[in-house]
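Asks: sequence? don't have it. structure:
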């Protein structure tokens with residue numbers, strides 16, 4: 001029986017051909033429609049094939065071309081969701097990551113990888129003004145938020161020992177703009193949605209500290225421990241909650257403070273004044289695959305107290321017991337994480353930061369922030385468009401207004417139709433948000449490829465799409 005391994009020479013040849021597909025995709029980024037004009041039925045026919053009993057060898061490369069052709073072209077005019085643009089410097093490390101195939105569980109299983117991950121985490125903490133925080137890389141903000149709430153739950157209850165009865169003895173305070181992953185985490189951890197205290201937001205979509213204080217006073221009087229979730233960059237508008245005020249309220253009530261910074265926290269590298277109080281958190285989630293432009297997946301959870309992480313996640317078998325008394329060589333990430341098997345996520349981030357330097361990355365984040373203000377100004381200058389929220393970071397929410405259809409339901413339907421047409425046209429990619437029951441067009445600029453010219457395409461594209469559907 002032949003080995004499934006390739007010789008180094010065969011591997012190099014195959015990798016070069018895959019690299020050709022990737023390079024061609026990059027060359028054609030500006031030429032292709034951003035959203036591929038393809039139907040689900042076509043993709044099902046292409047890729048949902050019978051189980052291959054016999055291999056086809058290098059003929060499999062042919063479908064890589066089709067995959068690239070039918071994938072989104074994330075050029076400088078992609079403004080959908082909160083999704084980083086994928087630094088190609090980082091991408092070059094992905095083959096090495098897979099070839100090394102390190103299971104980043106503990107120093108003894110992946111010494112270089114663990115050392116690099118701990119280094120990268122310390123860099124991120126330092127860059128955010130949180131020197132001394134520990135942490136781990138995660139699949140993304142959702143898993144980081146889940147881990148943070150697990151740590152918070154265990155610090156305030158004995159849920160790991162006693163089970164759901166203790167989980168339900170905790171209140172989670174979050175604004176009405178909180179990310180959906182928080183509600184999902186609350187459900188998964190057995191805390192229950194009925195124990196979420198939804199705090200209203202002001203006209204700028206910030207959590208109202210006075211409302212938080214009132215809710216916590218009521219629960220504290222009944223002996224209910226609390227977890228406060230503040231947001232540093234809400235998913236809809238990029239609003240940053242008043243972190244310092246919220247931290248003071250959480251501290252008064254001995255509550256755990258988690259800051260969901262998956263979207264915005266890394267902008268503190270470029271605009272630290274916007275994030276005063278970030279360093280007061282017990283835990284912070286952030287996503288290098290957003291505002292450090294890393295390829296997915298690359299999230300991070302920072303935390304003040306490693307002991308809190310170990311109380312939540314340490315449950316190890318004898319087969320993974322460290323064999324060294326040395327603090328570094330005996331370090332086990334799985335004692336501070338919900339994951340055991342973990343890929344070498346830190347490699348691409350370490351290489352990207354080393355290659356570019358933080359100063360260069362900071363400049364691109366600052367450019368994104370300027371671009372969002374440029375777009376907001378253009379929207380405000382046009383009588384047919386209306387800005388729907390302050391632009392605090394890089395999310396710009398607006399809508400097309402039609403004097404012939406002033407009613408909200410009709411404008412909602414019109415703007416939804418405009419968005420569908422914008423995506424069909426393929427020149428600019430926007431997403432949507434609903435703010436106070438109003439359907440909005442939303443451009444989120446987290447894209448190192450974006451230029452002034454790309455920003456200047458947005459308003460004309462919206463107007464052209466509106467003309468098509470009106």
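Replies: That came through fine. Here the structure is a predicted model, which means the values were calculated and not measured. Residues are numbered from 1 along each chain as shown.

Asks: Can you give me the buried ones in the longest helix along the chain?
Replies: Assignment by DSSP state H gives helix 358-380 as the longest helix of the chain. By neighbour count on 16 or more other Cβ atoms under 10 Å, the buried set for helix 358-380 is 361-362, 364-365, 367-369, 371-372, 374-376, 378-379. Every residue, glycine included, has its C-beta placed from N, CA and C.

Asks: Can you name the element that comes right after the helix-or-strand element of the chain with minimal mean pLDDT?
Replies: Here the helix or strand of the chain ranked lowest by mean pLDDT, DSSP states H and E is helix 164-167, holding a mean of 69. Downstream of helix 164-167, the first helix or strand assigned by DSSP states H and E is strand 171-175.

Asks: With pLDDT added, can I get the buried residues of helix 358-380 in JSON lines?
Replies: Below are the buried residues of helix 358-380 laid out as JSON lines (pLDDT from 0 to 100):
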{"residue": "361", "pLDDT": "97"}
{"residue": "362", "pLDDT": "97"}
{"residue": "364", "pLDDT": "98"}
{"residue": "365", "pLDDT": "98"}
{"residue": "367", "pLDDT": "98"}
{"residue": "368", "pLDDT": "98"}
{"residue": "369", "pLDDT": "98"}
{"residue": "371", "pLDDT": "98"}
{"residue": "372", "pLDDT": "98"}
{"residue": "374", "pLDDT": "98"}
{"residue": "375", "pLDDT": "98"}
{"residue": "376", "pLDDT": "98"}
{"residue": "378", "pLDDT": "98"}
{"residue": "379", "pLDDT": "98"}
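
Asks: For residue 406, state which of those residues is nearest.
Replies: Distance to residue 406 across those (Cβ to Cβ) is lowest for residue 379, with 18.5 Å.

Asks: burial of residue 52, as a residue count?
Replies: 8 (other Cβ atoms under 10 Å).

Asks: Over to it: give its phi and psi.
Replies: Main-chain dihedrals, residue 52, degrees, to the nearest 10: phi -70, psi 110.

Asks: How about the one 3 residues further on?
Replies: Per-residue torsions, residue 55: phi -80, psi 160 (degrees, to the nearest 10).

Asks: okay, it: pLDDT?
Replies: On pLDDT, residue 55 comes in at 90.

Asks: same deal with residue 324?
Replies: For residue 324, pLDDT reads 68.

Asks: ranges for the strands of this structure?
Replies: In the chain, the strands defined using DSSP state E lie at 134-138, 171-175, 196-199, 226-231, 256-261, 283-286, 299-303, 385-387, 395-400, 431-435, 438-444.

Asks: okay, these, which one's buried deepest?
Replies: Greatest average neighbour count among these goes to strand 283-286 (a mean of 31), per mean count of other Cβ atoms under 10 Å.

Asks: Where does pLDDT dip in the protein?
Replies: 1, 166-167, 316-324 (pLDDT under 70).

Asks: Please parse it into its domains.
Replies: 96-356, 359-469 (automatic domain parsing).

Asks: so how far is the first residue of the last one from its last?
Replies: I take that to be domain 359-469. End-to-end distance for domain 359-469: 44 Å, by Cα to Cα, to the nearest Å.

Asks: mind checking how far that domain is from the chain centre?
Replies: 20 Å (Cα atoms, centre = their mean, to the nearest Å).

Asks: Also the longest one?
Replies: Computed by Cα atoms, centre = their mean, the separation of domain 96-356 from the middle of its chain amounts to 12 Å.

Asks: okay, how far is it across it, tip to tip?
Replies: 19 Å.

Asks: Over to stretch 231-246?
Replies: 10 Å.

Asks: same check, this time on stretch 22-33
Replies: Note: stretch 22-33 ends 17 Å apart using Cα to Cα.

Asks: again, but for stretch 346-365
Replies: End-to-end distance for stretch 346-365, by Cα to Cα: 20 Å.

Asks: go on, stretch 90-103?
Replies: 19 Å.

Asks: Any buried residues in it, and which?
Replies: Within stretch 90-103, the residues that qualify as buried are 90-91, 93, 97, 102, counting by 16+ other Cβ under 10 Å.

Asks: State the pair within those that is farthest apart.
Replies: Farthest apart among the buried residues of stretch 90-103 by Cβ to Cβ are 91 and 102. That separation is 18.1 Å.

Asks: can you list the buried residues of helix 358-380 in TSV and add distance to residue 407?
Replies: What follows is these, written out as TSV (distance: Cβ to Cβ, whole Å):
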residue	distance to residue 407
361	45
362	45
364	42
365	40
367	39
368	35
369	35
371	33
372	29
374	31
375	27
376	25
378	26
379	21
